[in-house]
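turn this into a model:
(one chain, ligands or ions: 1)
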Amino acid sequence: MDRIIINGPCRLEGEVDISGAKNAIVAILPAAMLVDGVCRIENVPQISDVENICNILIAMGAKVNRAEGKTLEVDCSAVRCTEVPYEYARKFRASYYFLGALLGRFGNAKVALPGGCHLGARPIDQHIKAFEQLGAQVDILHGNVHCTAEKLEGDDIYLDMVSVGATINAMLAAVKADGLTVIENVAKEPHIVDVANFLNSMGANIRGAGTDVIKVQGVDRLLGGSYAVIPDQIEAGTFMAAAAATGGRVLVKNVIPKHMECISAKLEEMGVLIEEFDDSILVDATAPLKKANIKTMPYPGFPTDMQPQMATVMLRAEGTSKINEGVWDSRFKYTEELIRMGAEIAVAGKVATIEGGRQLLGAPVRACDLRAGAAMVIAGLMAQGTTTIEDIDHIRRGYERIVEKFASLGADIRLVLD
Ligand code: EPU
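Prediction:
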């Protein structure tokens, strides 16, 4: 079984470059289905979710060309297929974006119910509500979601809860619908804005992304163009947390500091020195850390996708910290792995209580999901002795060259392929 082996402890020092945003590109690639022409997409991260989506696009008849560096050229003009089968969809959550994109382009989509990280119940009722509001009929049969519409017509959509996926899917379905769609109570994450900017650069008319209301004026056609994906807020946050947890000093480069404020503010509260530059952030965590409390929330609140990594920072802080998970029902499975390494963490429902100041000891652990896997890497860097992380496919879904990046910061870390 492939694994990551870390010999700790280590103090991270140096500079690291952040890749393009996973949660933006996993929506932008399906969104390319709506475009008649070549989409040249720059700053694409080399992660397995991107490989999976490219395989889906190719299987459906798209041309996908990896141009120089991190640039992908995608041309979906020749696609006629409207189906994403189970063997592709089960591998990752974002396969549900093909529903909105195919419905928007063909008025027809059949996509297997998605897989992805196990974080508790992950319903898609708000995606379905949005499609129905635009005039689609939606049925779930034999594990597939079927959407059909003679014609999509713009309408008002009010989401019952703030959902990243439903917001993007509603935009995708509305881009070529007749007339104006107004989507209210939407998510405001940086990747929502990035998907809207991508679509607009291809000829869509979307306003308000990044606020609570998005207005989509339907257009007849989207033509090709060039677009560069934003830096990954969560990858950047992961390296900031890793610097803090190891008492290190790291310059995190190629970031948008504004997107990082929810994370920077919490680290500063804990005693980490943060210095912002135009497109980089210096994290200096050489001083002792103070305890803190976190409640995860939709953007601009503290991101749930940084919750496991921040738990490791709390393990270094003096005193008792608390995390209240406000987005997912079940996102504390990873704490069992940290406890195997000597952490003192008590979980009661959606609250984890973390005692700081215990020295972790290296142990064999699992990456329970993508962000939990990142937390295991950080814990391995903090721990005395050898940590072996298994089930690392989760990590590969969303972190580009994570082993090389940590090694370049001085970590004794290696990837073992079996
Ligand atoms: N929800 C519903 N009904 C819906 C949709 C969502 O009840 O139709 C609930 C969910 O159960 C959850 C909450 O609303 O309690 C928020 O879910 P959201 O739809 O925002 O999550 P998502 O779109 O499935 C994306 C990211 C996740 C990230 C969440 C929250 C992608 C591909 N995934 O998931 O990222 O945790 O937003 O920010 O963008 C990760 O990157 O590790 C990851 C899990």
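
pairing partners for the helix or strand that residue 64 is a member of, with directions?
Following DSSP states H and E, one finds residue 64 within strand 63-66. Partner strands and pairing direction for strand 63-66 (DSSP bridges) are strand 72-75 (antiparallel).

average model confidence for the following helix or strand past the partner strand?
The helix or strand immediately downstream of strand 72-75 is strand 83-84, counting by DSSP H and E. The predicted model assigns strand 83-84 a mean pLDDT of 92.

ok, the residue in the stretch 151-300 of the chain that the ligand sits nearest to - contacts?
The stretch 151-300 of the chain approaches the ligand most closely through residue 165 (2.9 Å), counting by C-beta to the nearest ligand atom. For every residue, glycine as well, the C-beta is placed using N, CA and C. By C-beta atoms under 8 Å, 6 or more residues apart in numbering, residue 165 lies in contact with 93, 94, 96, 97, 124, 126, 127.

checking it next. Helix, strand or coil?
Here residue 165 is recorded as helix under DSSP: H, G, I helix; E, B strand; the rest coil.

what pLDDT does it get?
Value listed for residue 165 in the pLDDT field: 97.

which stretches of the stretch 1-150 of the chain form helices?
With DSSP state H, counting those that start in this stretch, the ranges of helices along the stretch 1-150 of the chain come out as 22-31, 48-59, 86-89, 97-106, 125-133.

tell me the most buried of the ones you listed?
helix 22-31 (a mean of 28; mean count of other C-beta atoms under 10 Å).

ok, back up a step: in terms of mean pLDDT, which of the helices of the stretch 1-150 of the chain ranks lowest?
With a mean of 84, helix 86-89 has the lowest mean pLDDT of those.

kindly report the residues of the stretch 151-300 of the chain close to the ligand.
Remark: the part of the stretch 151-300 of the chain in contact with the ligand comprises 161, 163, 164, 165, 166, 187, using C-beta under 6 Å from any ligand atom.

ignore the last one, the stretch 301-418 of the chain
Near the ligand, when you scan the stretch 301-418 of the chain using C-beta under 6 Å from any ligand atom, you find 304, 305, 327, 328, 370, 371, 398.

can you list those residues in CSV and add secondary structure and neighbour count?
Below are those laid out as CSV (DSSP: H, G, I helix; E, B strand; the rest coil; neighbours: other C-beta atoms under 10 Å):
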residue, secondary structure, neighbour count
304, helix, 21
305, helix, 25
327, coil, 22
328, coil, 18
370, helix, 25
371, helix, 27
398, helix, 29
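
next, format those residues as TSV and append pLDDT and distance to residue 46.
Formatted as TSV, these follow (pLDDT from 0 to 100; distance: C-beta to C-beta, whole Å):
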residue	pLDDT	distance to residue 46
304	98	25
305	98	19
327	96	27
328	94	27
370	96	15
371	98	19
398	97	11
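
could you dump those into a markdown table and include distance to residue 138?
A markdown table is the format used below for these (distance: C-beta to C-beta, whole Å):
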| residue | distance to residue 138 |
| --- | --- |
| 304 | 27 |
| 305 | 28 |
| 327 | 24 |
| 328 | 24 |
| 370 | 28 |
| 371 | 30 |
| 398 | 28 |
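
which members of those define the maximum pairwise distance?
327 and 398 (16.7 Å; C-beta to C-beta).

residues in contact with the residue of the chain most remote from its centre?
For the chain, the residue at maximal distance from the C-alpha centroid (C-alpha atoms, centre = their mean) is residue 150, at 33.2 Å. By C-beta under 8 Å, 6+ apart, residue 150 lies in contact with 107, 135.

stretch 358-369: how far from the chain's middle?
Between the centre of stretch 358-369 and the centre of its chain there are 23 Å (C-alpha atoms, centre = their mean, to the nearest Å).

and for stretch 106-113?
Relative to its chain's centre, stretch 106-113 lies at 23 Å (C-alpha atoms, centre = their mean).

what about it and the ligand, touching?
No - Stretch 106-113 lies out of reach of the ligand by C-beta under 6 Å from any ligand atom, never closer than 12.1 Å.

which of the contacts of residue 165 sits closest to the ligand?
Checking the contacts of residue 165 against the ligand by C-beta to the nearest ligand atom gives residue 126 as the nearest, at 3.2 Å.

the helix-or-strand element of the chain with minimal mean pLDDT near the ligand anywhere?
Every helix and strand of the chain was ranked by mean pLDDT, DSSP states H and E. The lowest is helix 86-89, at a mean of 84. No - residues of helix 86-89 contacting the ligand under C-beta under 6 Å from any ligand atom: none, with a closest distance of 12.7 Å.

show me what that helix is packed up against.
Helices and strands touching helix 86-89, by 3 or more C-beta pairs under 8 Å, 6 or more residues apart in numbering; DSSP states H and E, are helix 48-59, strand 108-112.

quick one: low-confidence parts of the stretch 101-250 of the chain?
The stretch 101-250 of the chain contains residues with pLDDT under 70 at 115-117, 120-121.

quick one on the thing from earlier: buried ones in the strand holding residue 64?
For strand 63-66, burial by neighbour count (16 or more other C-beta atoms under 10 Å) applies to residue 64.

what does stretch 150-168 give?
Using 16+ other C-beta under 10 Å as the test for burial, stretch 150-168 gives 152-155, 157, 159, 162-168.

which residues does residue 321 bridge with?
Beta bridges link residue 321 to residue 354, judged by DSSP bridges.

ugh, wrong one, residue 72
Counting by DSSP bridges, residue 72 is bridged to residue 41, residue 66.

neighbours around it, how many?
Neighbourhood size, residue 72 [other C-beta atoms under 10 Å]: 22.

and residue 393, what does it touch?
Taking C-beta under 8 Å, 6+ apart, we find residue 393 in contact with 2, 48.

hmm, I typed the wrong one, I wanted residue 334.
Contacts of residue 334 by C-beta under 8 Å, 6+ apart are 308, 311, 368, 369, 372, 375, 376.

and these, which is closest to the ligand?
So of the contacts of residue 334, ranked by how close each gets to the ligand (C-beta to the nearest ligand atom), first place is residue 369, at 6.8 Å.

who touches the closest one in this structure?
Residue 369 makes contacts with 117, 118, 119, 333, 334, 394, as judged by C-beta under 8 Å, 6+ apart.
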